[in-house]
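**Student:** Prediction below, plus the sequence it came from.
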Amino acid sequence: MSLDKVRVVFLGDTGCGKSSLVNLIANNEVLANSWTTVGCQIEVKLHEYKEDTSHQKQFFIELFDVGGSISHKISRNIFYQQINGIVLVHDLTNRKSQDNLKNWLFEIINKDGKDVLKGTNASADDMDTEQFLGICQIPILVVGTKNDLIDEKQRKLSKNLAFAQELGAEEIYINSRELRSIQAGSTNAVKLQKFFDKVIERKYFTRDNSTFYDRQRKIAGLQSPLSESNRYFSPFTSPTIVDIDNNNNI
Amino acid sequence: MTFFKDTLVILISQVVFFIGGLIFFVKQLFKNYEIKDIKVQVIFSSTFALSLTLFLLIIFEIVGFLDSSSRFFHWRLSLISILVMVVAVIPYYIAFSLISNIRIVSSRYSTPLTIILWLGFFYCFWRIGDKFPLLSVNAQMFSIEQGVSRIGVIGVTVMAILSGFGAVNFPFTNMNYFIHPVTQNDVINTERKLLQTLDMIIAKKKRIALEKKNRQKQQNTTKNSFWGLISSVANKSSMSENIGQLRLEISGLEELARQLFLELTDMKNMQERQKWSSTWQGKYFNFLGLFFSFYCVWKILMCTINIVFDRVGKKDVVTRGIEIAIHWLGFQFDATFWSQHISFFLVGCIVVTSIRGLLITLTKFFYSISSSRSSNIIVLILAQLMGMYFCSSVLLLRMNMPAEYRVIITEVLSGLQFNFFHRWFDVIFLLSALSSIFLLFIIRKPLVMTENSASTSFDHNN
């Protein structure tokens, strides 16, 4: 219980397979009966940060599987607090679910109902992905589920339209009914491991230790109440981490 | 020559309706799904176009547009096409999709099985007609009336259920009388409780994860020695008891979290409604809700009277209204001239609102029950319902028109007992409205009680 923790939220359209995916990652077993998630289902995973190295350390990863029903949209934002990582889940048999991922990202950025993209006529369609990358310093992973239900041709087509490429995020394809999908050593498992390591790194091992919301406000040009010397990020810079010391030197 | 011109007019309007149906399908209904099978789209849009053609022909009848013989011809043609769609084409495709979705059946058997299923459906469809006094004695065997009457029964049932529920639900969701005041404090309290529950769930799951890890470690290290084996068995049993206990607590907490979340959603929706009711639109809808509640009560009374006294209205609304206006209120105007315009207006309103209402209901229904695998089948079922609904609303529309405009319907469907359909509509409407009132009260009562208890507990804590 004295281990540090990070929080990763799983977003996606209803029926995409988030609950099966979360169950596979956290408990290493296939989910037998799945019902539509009401509210938020939380699983916890013990993760070895930088496994097989000298810096190895244990962390708790809290996996927040948020239900995707449209009728619950109004009260979902309560789960979007203190997020350290985002996993966007889409259904490979339904291309629209990939198109809707933009809307999900938009929803989590505007979780307080305030328009963070000041000055723009912000709607999910106008959203520029570069702005995403600038504002959203949170690591993102894109997962395509139901890999067993599509054929090779559809898979290639799906890769070409990938939303993940726009975001510069990693993407994995998974069949949540097969334990071997994230078997230790497979490409998927390696990418997942790297993603979790990146999330932990972003939270605990950078100089800029503020929370997601503070970073957001900094970028939008508002004063953060925590630190006195601020560097205002323009939304259009690439998402590199900038170290700030107390003399405001980079 | 006039026949060809009229046919052209009808064809063009059908194309317009078809395109309208396509747009509705793509933009509203299938907003979240990929369109894999274009046949489904075509079937839906053509059913929509054919139904709207029927309405268009009625309006043309009232206005006197187009030649009456060509109207008659097109009327028969549209009815036959809708019959073919609703009885043959759509059920065949539904059966086909169902069978191809079941993976056990190989594709060789799918066509024969589909035909068998369709024959079964057709048999049931025919049997419905024998139970009800639908036709007068001199109707022929395989005529339009046979098909339309059976469609009419199902369609009228759907219509009556929807109108009964709609008439009760509209005042309920729109009148300010039914809004429970929700304060920001209530919302914040519920949010806090939900977050606390989530924290407790997380803490317990962490404990389970740690215990599992310890158990694994112990298993790995004490595999060999004899003493290690005994101690590991003892530890395992106590640990699994621990884990079992934790799991029970967690499932209880998760259920609580779900309930709190649903409560929170309801509260936030109620807050939105409160905000909306103070706008102009909200006030207008509140007034409409009041009007509708009176209409609903009146309609229930009329239905009861009709059923109890076995009364069937002979005169339609328009003629009766004009008679009342002239004789009792003393207005002097040309009845024949005005009856045409008023019935046009009335029929137009009814047609537009019923189309809009049905499309909205279909969309809501579709969103709530469809998944990416079943979306095609559900759309086909909805297309079937839509065809039946529009067909029977034409039958019932006859009641609302003056006698001179009913000609076209009565000519084509001479064998039908229209009075039966009106009686059937009344019965089902009454049942549906009363059960909706009952249901809505039952659902509301516990909600009011939990909100009262939530606010009182807050006062206690303060």
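**Tutor:** Alright, I've got the coordinates. Numbers count the residues shown, from 1 in each chain, chains lettered A, B, ... in the order given.

**Student:** how about residue B:10, what does it touch?
**Tutor:** B:53, B:56-57, B:74 (Cβ atoms under 8 Å, 6 or more residues apart in numbering or on different chains). In short, each C-beta sits where N, CA and C put it, glycine included.

**Student:** if you set the cut-off to 7 Å instead, what comes out?
**Tutor:** B:53, B:74 (Cβ atoms under 7 Å, 6 or more residues apart in numbering or on different chains).

**Student:** just residue B:268 next, same as before
**Tutor:** A:74-75, B:187.

**Student:** Out of those residues, which end up buried?
**Tutor:** Neighbour-count burial (16 or more other Cβ atoms under 10 Å in any protein chain shown) applied to the contacts of residue B:268 gives A:75, B:187.

**Student:** Kindly indicate which of the contacts of residue B:268 lies nearest residue B:410.
**Tutor:** Checking the contacts of residue B:268 against residue B:410 by Cβ to Cβ gives residue A:74 as the nearest, at 51.2 Å.

**Student:** show me what contacts that closest one?
**Tutor:** B:265, B:268-269.

**Student:** try 6 Å this time
**Tutor:** By Cβ atoms under 6 Å, 6 or more residues apart in numbering or on different chains, the contact set of residue A:74 is residue B:268.

**Student:** So it versus residue B:261, what's the distance?
**Tutor:** 11 Å (Cβ to Cβ, to the nearest Å).

**Student:** Throw the contacts of residue B:268 into a markdown table and include distance to residue B:1, secondary structure and pLDDT, thanks.
**Tutor:** Conversion of the contacts of residue B:268 to a markdown table gives the following (distance: Cβ to Cβ, whole Å; DSSP: H, G, I helix; E, B strand; the rest coil; pLDDT from 0 to 100):
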| residue | distance to residue B:1 | secondary structure | pLDDT |
| --- | --- | --- | --- |
| A:74 | 60 | helix | 86 |
| A:75 | 65 | helix | 87 |
| B:187 | 70 | helix | 89 |
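
**Student:** With distance to residue B:153 as added columns, please give the contacts of residue B:268 in TSV.
**Tutor:** Below are these laid out as TSV (distance: Cβ to Cβ, whole Å):
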residue	distance to residue B:153
A:74	41
A:75	43
B:187	48
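
**Student:** Which parts of chain B are helices?
**Tutor:** Along chain B, the stretches classed as helices by DSSP state H are B:2-24, B:38-63, B:68-83, B:90-101, B:107-131, B:144-174, B:184-221, B:226-277, B:280-308, B:317-327, B:335-369, B:375-397, B:407-412, B:418-461.

**Student:** ok, and which of the ones you listed has the densest surroundings?
**Tutor:** helix B:375-397 (a mean of 23; mean count of other Cβ atoms under 10 Å in any protein chain shown).

**Student:** Check which helices and strands that one sits against.
**Tutor:** On a contact count with 3 or more Cβ pairs under 6 Å, 6 or more residues apart in numbering or on different chains; DSSP states H and E, helix B:375-397 meets helix B:38-63, helix B:90-101, helix B:144-174, helix B:335-369.

**Student:** hmm, 7 Å instead?
**Tutor:** For helix B:375-397, the elements it packs on are helix B:38-63, helix B:90-101, helix B:144-174, helix B:335-369, helix B:418-461, judged by 3 or more Cβ pairs under 7 Å, 6 or more residues apart in numbering or on different chains; DSSP states H and E.

**Student:** can you tell if the shortest one touches chain A?
**Tutor:** No - against chain A, helix B:90-101 shows no contacts by Cβ under 7 Å from any Cβ of the partner chain, the least distance being 12.3 Å.

**Student:** What's the mean pLDDT across that helix?
**Tutor:** Mean pLDDT, computed over helix B:90-101, is 83.

**Student:** Check the first one too.
**Tutor:** Over the span of helix B:38-63, the pLDDT mean works out to 87.

**Student:** And residue 131, what's its pLDDT?
**Tutor:** Here I'm looking at chain A. pLDDT, residue A:131: 59.

**Student:** right idea, wrong chain: chain B
**Tutor:** pLDDT for residue B:131: 71.
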